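Colleague: Sequence and predicted structure are below.
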Amino acid sequence: MARGRPGESGKVRLSRVAIVAGALTVSLLLDLFLRDLVHDSSLRQLLMLAACNVLVALSLNVINGMAGQFSIGHAGFVGLGGYTSAVVASNLHEMLGGGEPTFARSFIVVPISLLASATLAGLFGFLVGLPSLRLRGDYLAIVTLGFAEIFRLVIATAQTGEDGSVVARALSRLGGQNGYMGIDNQGIPLYAGPFWVFGLAFILGVVAWRIKFSGWGRALRALREDEIAAAAVGVDPTRYKVTSFVIAAVGAGIAGGLMAIMRDGTPIVNPDSYNFQASFDAITMVIIGGSGSVTGAALGGVFITFSIKAIEQVQATSAVQALRTQFESLDLNALRMIIYAIVLVLLMVVRPEGLLGERELFQKKRSGRGGAGPKPKLPPSAVPDETVKAA
Amino acid sequence: MELVLEHVTKSFGGLRAVGDVSFSVRGKAIFGLIGPNGAGKTTVFNLITGVYKPDSGKIGFGGADLGTLKPAQIAGAGIARTFQNIRLFGQLTVVENLLVACELQKKAHLAAAVLRSPVHYEDEQAMYDRAIELLRIFDLHEMADEAPTSLSYGNQRRLEIARAMMLEPSVLLLDEPAAGMNYGEAEGLKTQIRWLRDTFDLAVVLVEHNMQVVMGVCEEIHVLDHGETIAHGTPAEIRTHPKVLAAYLGEDEVESAAVRAAVEGASNPPPPVEPAQSPLGVKDAPAEGPSKQAEKLSASELAALSRELTESLQRGLSKPDDDLDAGAVEKESANVSGIEVVNEPTSPVPKPPQSAPDVAKLDSGWGSESDVGKHDEESGKGEAAPKAGTNGVAHKKEGS
């Protein structure tokens, strides 16, 4: 637990400013030179996707890890953020006159798009969080899954065309099953370069860390351990649980928003990218890394992203392609779920708390603080004993 | 601050768990709430702390109506509690368990924590210092960074009290604090409860089956049976109250007990009834002396037996803190511990003068849990050995 001392706060703050400045500079340099560093655009896409998935895992970690709730519909919030930022960015791009997305303009488009994503996702997080007060375990999981599926199906099944009510017309513009491809199907303007993706991943990672190691995070973990006891010491379950849902949804909204307008990404958002498999991927990230661990969730996000890519690479090898000519239904991408399932089962047997458990990488060892200091007071029983003796 | 219950009623379906209960806890009282299992004691605690809302009646506390507040707000208003089955936050460290109880008093909220503003640091530091201070008081500071699950049973109970004290309450509700304690530990608990009251200037409400503790420490006792009030008064009044005896032992037993009491009363003059407001140290000695001498072994053995029963039941039940669930099954153990009630009044043997030092030794030795090891060497070894058996593991940990 980071505990600053008043005397050091000036130095601490200076070093903090230096770290933030350094991280942003690195992101900026990456933004300018990533194209030269990594020539393969699919690898660039993968790197940035990993950063976005880290955000997905970090946000889900607030609900599933810290609050101890079980959400299996996180893709719903990610998708909500994705569609929102895709629509907002497309319209802003149109208003700014179209053309190539430039880095300078991204300072207008990206913040506004992500703000819209975060707000809308947070609003729905609040609505989905409300039932979490009454439901727990499996029942809450079903509610979250229900939300994600409703979101996906509402968009996927919208009829195209200009008839119907305002809502139906608005929905129809989102492209239905084919996905949203920007205004007049020009494609979504991909504004978010490495500067935004890596910069936000860094900043939100720090935020997640601080949330965990704040009094609020502590109270949330206490709530997870024992709700009645937590309420008895002044932690209001309603407030903390709903807030945790909102925070997680905001994080997921930002992650989804970034993914939708990510440079080197696909200029299209598709309802199928936000299906149950996506939610399951998010859960796998959190569980593999260790529920409740911020660095664990980040590791899980990176690992899952790259394993998806690795399986795709294996799929492309000639041996597998040769097999596919014989067995047409062979699809390693579908096998991925089986591989994850096996990994998860093994993990649950060998290390049920995940790679890191609730611990963190780089966590400071706390030691000796309790033992130091002036001589302890007498234990409670010792003082009145004297009176008993005297009587 | 005064905690007032006025005609409080709570039903679960057709079962009237608490019916028309009224009492008030004033200032720095040590107030006992007793009754056989299923009497509704824990339900009363749950009503006071807002876990349940009363069907009718009013629970007032210093002008506020607790019936309209949430549990967390009630905790903030100055009512802290412990639980019958220990409820600690297992994945948090010992000191974090205490820090959770600071949430209401904090000035820095989530935004300040994320921005790591100076307020956040000041807050965290102040809270941490207070938590360590309290842990010191309860002699747990050396385990501050350990997991609470690694603590001995007695230390876990004390940690729960320390956590409750973190709220700076003006009323402390203790739900069966002596559960699972042996004779000596219960003696220590009595002195600890008084010490808490005097040091922190608060009222203590006690739900307890252990009559040794209840009769020894409470100044006022309220007796419930089947959710109804059956008696209210000083320990001396409660001990001889016919309804109380009937509730604990059944009508037939009371008759024979009354006969026995009458017979023994004729041969031995009864001890003088102590004044209600007398200092505790004075009040204690005559009240406990006789029964200790006459029934020491059998009473504590019975207590141990009932404890084992209760514990095994607690483990088996999904919601063991709810008196109602446990009520039917725990009747047996109620009767076992109940015998102590009748033992005390029916054996009014004047305290033999030569036994006084023994009692004092016993108190001092067992009173402080931290120097149990020392105690084992000098005194009470004979007393300790048979009783420690039921709670041996926890005990050894404390000694070492």
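Modeller: Sure thing, it's come through. No experiment lies behind these values; they were computed from the predicted model shown.
Colleague: low-scoring pLDDT stretches of the stretch 251-391 of chain A, where are they?
Modeller: Low-confidence segments of the stretch 251-391 of chain A, defined by pLDDT under 70: A:332-333, A:362-391.
Colleague: can you pull out the helices in the stretch 51-200 of chain B?
Modeller: Counting by DSSP state H, counting those that start in this stretch, the stretch 51-200 of chain B forms helices over residues B:71-77, B:94-100, B:110-115, B:118-137, B:153-165, B:183-200, given from the N-terminal end onward.
Colleague: Residues touching the first one, excluding its own?
Modeller: The one in question is helix B:71-77. Applying Cβ atoms under 8 Å, 6 or more residues apart in numbering or on different chains, the external contacts of helix B:71-77 come out as A:228, A:231-237, B:48-51, B:61-62, B:64, B:66, B:69, B:104, B:167. All C-beta spots, glycine's among them, are computed from the backbone N, C-alpha and C.
Colleague: hang on, the earlier thing: closest to residue A:27 out of the helices of the stretch 51-200 of chain B?
Modeller: When these are compared by Cβ to Cβ, helix B:110-115 sits nearest residue A:27, at 20.1 Å.
Colleague: which strands and helices sit next to that closest one?
Modeller: For helix B:110-115, the packing partners by 3 or more Cβ pairs under 8 Å, 6 or more residues apart in numbering or on different chains; DSSP states H and E come out as helix A:194-212, helix A:215-225, helix B:118-137.
Colleague: and the first one, what other elements does it pack with?
Modeller: With contacts defined as 3+ Cβ pairs under 8 Å, 6+ apart, the secondary structure elements packing on helix A:194-212 are helix A:9-37, helix A:41-60, helix A:103-129, helix A:237-260, helix A:294-316, helix B:110-115.
Colleague: for those, which one sits closest to residue B:92?
Modeller: Between residue B:92 and the helices and strands packed on helix A:194-212, the shortest gap by Cβ to Cβ is with helix A:237-260, which sits at 14.5 Å.
Colleague: For the next helix or strand after that closest one, which helices and strands make contact with it?
Modeller: If you walk from helix A:237-260 toward the C-terminus, the next helix or strand you reach (DSSP states H and E) is helix A:276-289. Judged by 3+ Cβ pairs under 8 Å, 6+ apart, the packing partners of helix A:276-289 are helix A:41-60, helix A:74-95, helix A:138-156, helix A:294-316, helix A:332-350.
Colleague: Tell me the buried residues in the longest one?
Modeller: Within helix A:294-316, the residues that qualify as buried by neighbour count (16 or more other Cβ atoms under 10 Å in any protein chain shown) are A:294-305, A:307-309, A:311, A:315.
Colleague: Okay, residue A:89 and chain B: tell me how far apart.
Modeller: Residue A:89 sits 26 Å away from chain B, taking Cβ to the nearest Cβ, to the nearest Å as the criterion.
Colleague: Quick check: closest non-adjacent residue to that residue.
Modeller: residue A:113 (4.4 Å; Cβ to Cβ, 6 or more residues apart in numbering or on different chains).
Colleague: low-scoring pLDDT stretches of the stretch 1-150 of chain B, where are they?
Modeller: Scanning the stretch 1-150 of chain B with the threshold set as pLDDT under 70 gives no residue ranges.
Colleague: would you list every one of the strands in it?
Modeller: B:3-12, B:15-25, B:30-34, B:56-61, B:64-65, B:79-81 (DSSP state E, counting those that start in this stretch).
Colleague: Point out the most buried one among these.
Modeller: When these are scored by mean count of other Cβ atoms under 10 Å in any protein chain shown, the highest mean neighbour count falls to strand B:79-81 (a mean of 29).
Colleague: how about that one against chain A, any contact?
Modeller: Yes. Strand B:79-81 comes into contact with chain A (Cβ under 8 Å from any Cβ of the partner chain), by way of B:80, B:81.
Colleague: mind listing what the spatially most central residue of chain A touches?
Modeller: In chain A, the centroid-proximal residue (Cα atoms, centre = their mean) is residue A:56; its distance is 2.0 Å. By Cβ under 8 Å, 6+ apart, residue A:56 lies in contact with A:74, A:78, A:251, A:252, A:255, A:256, A:282, A:285, A:301.
Colleague: Local confidence estimate at it?
Modeller: Per-residue pLDDT puts residue A:56 at 96.
Colleague: how near is it to residue A:82?
Modeller: Taking Cβ to Cβ, to the nearest Å as the measure, residue A:56 and residue A:82 are separated by 11 Å.
Colleague: okay, and the common contacts of those two?
Modeller: Both residue A:56 and residue A:82 are in contact with residue A:256, where contact means Cβ under 8 Å, 6+ apart.
Colleague: wait, which of the helices and strands packed on helix A:276-289 is closest to residue A:17?
Modeller: Go through these one by one with Cβ to Cβ and the one that ends up closest to residue A:17 is helix A:294-316, at 21.4 Å.
Colleague: and the next helix or strand after that closest one with helix A:294-316, angle?
Modeller: Once helix A:294-316 ends, the next helix or strand along the chain (criterion: DSSP H and E) is helix A:318-326. Orientation note: helix A:318-326 sits at an angle of 60 degrees relative to helix A:294-316 (axes from the mean of the first three to the mean of the last three Cα atoms, to 10 degrees).
Colleague: Show me how far helix A:318-326 is from its chain's centre.
Modeller: The gap between the average C-alpha position of helix A:318-326 and the chain average comes to 36 Å, counting by Cα atoms, centre = their mean, to the nearest Å.
Colleague: Would you mind pulling up the elements that it packs against?
Modeller: Checking 3+ Cβ pairs under 8 Å, 6+ apart, helix A:318-326 ends up next to no helix or strand.
Colleague: what's the angle from that helix to helix A:332-350?
Modeller: Counting by the same axes, to 10 degrees, helix A:318-326 lies at 110 degrees to helix A:332-350.
Colleague: can you pull the alpha-carbon coordinates of helix A:318-326 into CSV?
Modeller: Written as CSV, here are the backbone C-alpha positions of helix A:318-326 (Å, rounded to 0.1, in the frame of the first residue of the first chain):
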residue,chain,number,x,y,z
SER,A,318,0.7,-25.1,-44.4
ALA,A,319,0.3,-28.2,-42.3
VAL,A,320,-3.0,-27.0,-40.9
GLN,A,321,-4.1,-25.8,-44.2
ALA,A,322,-3.4,-29.2,-45.6
LEU,A,323,-5.5,-30.7,-42.9
ARG,A,324,-8.3,-28.3,-43.6
THR,A,325,-8.6,-29.6,-47.1
GLN,A,326,-9.4,-32.9,-45.7
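Colleague: still on that earlier bit, look at the nearest residue in space to the residue nearest to the centre of chain A that is not next to it in sequence and say how many residues are nearby.
Modeller: Of all residues not flanking residue A:56 in the chain, residue A:255 sits nearest, at 4.6 Å (Cβ to Cβ, 6+ apart). By other Cβ atoms under 10 Å in any protein chain shown, 35 other residues sit near residue A:255.
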